[in-house]
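S.K.: Sequence first, predicted model second:
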Amino acid sequence: MNVEGSNFNDKIKKIATSYKIELNILLKFYKFYKKIKKFELSKLFLLKCRKFGFMPAFISNSTNKIIDSFKELDYINKKVNLTITNFHFKLLNLYIDGIVKKIQKFKRSFNDLESKVKEKIPNDIFKTLLNIFGENVEKIYSKICSRHSDKFDKLKIQFFSDNNIKLNDKWLINLTNLNIPLEVRWLLSLGKNFAVPTQIKNNDLFHIIADVESIL
């Protein structure tokens, strides 16, 4: 069956009519498909924030008033900031867990509908249906990915500003056409005397030297 050359709704209606399946079932099937993709993107964004130690604005903004009320009390302010930072990450973890549970919930609903739809239409048409879903959500989620990227860049810049981290452009000069991420440029611009401290007591120095030499 040819479903090319028409918009999303027309393609879905054509499949529903051709195989005598209720349009509402296909639209509900698409709704679960879209929600799963949306929550998966949100999960990836939040996991990336957690990995880099950045706090999404919707969490940090929720406690701004508490922080402001302690600004004049330096000693207490430090303790409050530490407590709230830990609290923020606990909230972030809970939020990520909540998204994972929502994804699981929608996947169960999606799988239930999937079996019903597969009973009504051939496998090749089912694959076509999923391709139609994918093409439609791609336009939506490319915008979401772009927004997430912008949000992450803002969080990164804010983190650098809050921690007084400055980029030394004199030390590192990019002579290529490649876009080097800000955090990589900052790390590389720290200079030849920079080293990362370690508290691991069982480091085998000789093996580390050998590994570095083999890489070089």
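M.R.: Structure's in. What do you need?
S.K.: what's the residue closest to the geometric middle of this structure?
M.R.: By CA atoms, centre = their mean, the chain has its centre lying nearest to residue 45, at 1.6 Å.
S.K.: ok now do that residue, which residues does it touch?
M.R.: 56, 148, 151, 152 (CB atoms under 8 Å, 6 or more residues apart in numbering). Using the backbone N, CA and C atoms, a C-beta is placed for each residue, glycine as well.
S.K.: what about the second one, which helix or strand?
M.R.: This means residue 148. Here residue 148, judged by DSSP states H and E, is contained in helix 123-162.
S.K.: for that helix, which positions count as buried?
M.R.: For helix 123-162, a neighbour-count test (16 or more other CB atoms under 10 Å) marks 125, 128-129, 132-133, 136-137, 141, 148, 151-152, 155-156, 159 as buried.
S.K.: ok, of these, which one's closest to residue 181?
M.R.: residue 156 (8.5 Å; CB to CB).
S.K.: Give me the phi and psi angles of the spatially closest residue to that closest one that is not a sequence neighbour.
M.R.: Once flanking residues are discounted, residue 156 sits nearest to residue 182: 5.9 Å by CB to CB, 6 or more residues apart in numbering. Residue 182 adopts backbone torsions of phi -60, psi -50, taken as degrees, to the nearest 10.
S.K.: now the angle between helix 123-162 and the helix ranked longest in the chain, please.
M.R.: Criterion DSSP state H: the longest helix present in the chain is helix 74-120. Here helix 74-120 runs at an angle of 170 degrees relative to helix 123-162 (axes from the mean of the first three to the mean of the last three CA atoms, to 10 degrees).
S.K.: got the buried residues of helix 123-162 as JSON lines, with pLDDT and distance to residue 175 columns?
M.R.: Shown next, in JSON lines, are these (pLDDT from 0 to 100; distance: CB to CB, whole Å):
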{"residue": "125", "pLDDT": "90", "distance to residue 175": "53"}
{"residue": "128", "pLDDT": "90", "distance to residue 175": "48"}
{"residue": "129", "pLDDT": "91", "distance to residue 175": "49"}
{"residue": "132", "pLDDT": "89", "distance to residue 175": "46"}
{"residue": "133", "pLDDT": "91", "distance to residue 175": "44"}
{"residue": "136", "pLDDT": "87", "distance to residue 175": "43"}
{"residue": "137", "pLDDT": "88", "distance to residue 175": "40"}
{"residue": "141", "pLDDT": "86", "distance to residue 175": "35"}
{"residue": "148", "pLDDT": "92", "distance to residue 175": "30"}
{"residue": "151", "pLDDT": "92", "distance to residue 175": "30"}
{"residue": "152", "pLDDT": "90", "distance to residue 175": "26"}
{"residue": "155", "pLDDT": "89", "distance to residue 175": "29"}
{"residue": "156", "pLDDT": "84", "distance to residue 175": "23"}
{"residue": "159", "pLDDT": "81", "distance to residue 175": "27"}
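S.K.: What residue spans form the domains of this protein?
M.R.: What automatic domain parsing lists as the domains of the chain is 8-162, 166-216.
S.K.: Lowest average pLDDT across those domains?
M.R.: Lowest mean pLDDT of these: domain 166-216, a mean of 69.
S.K.: Contacts only, for the closest residue to residue 23 other than its chain neighbours.
M.R.: Leaving out its chain neighbours, the residue that sits closest to residue 23 by CB to CB, 6+ apart is residue 16, at 4.4 Å. With contacts defined as CB under 8 Å, 6+ apart, the neighbours of residue 16 are 22, 23, 25, 26.
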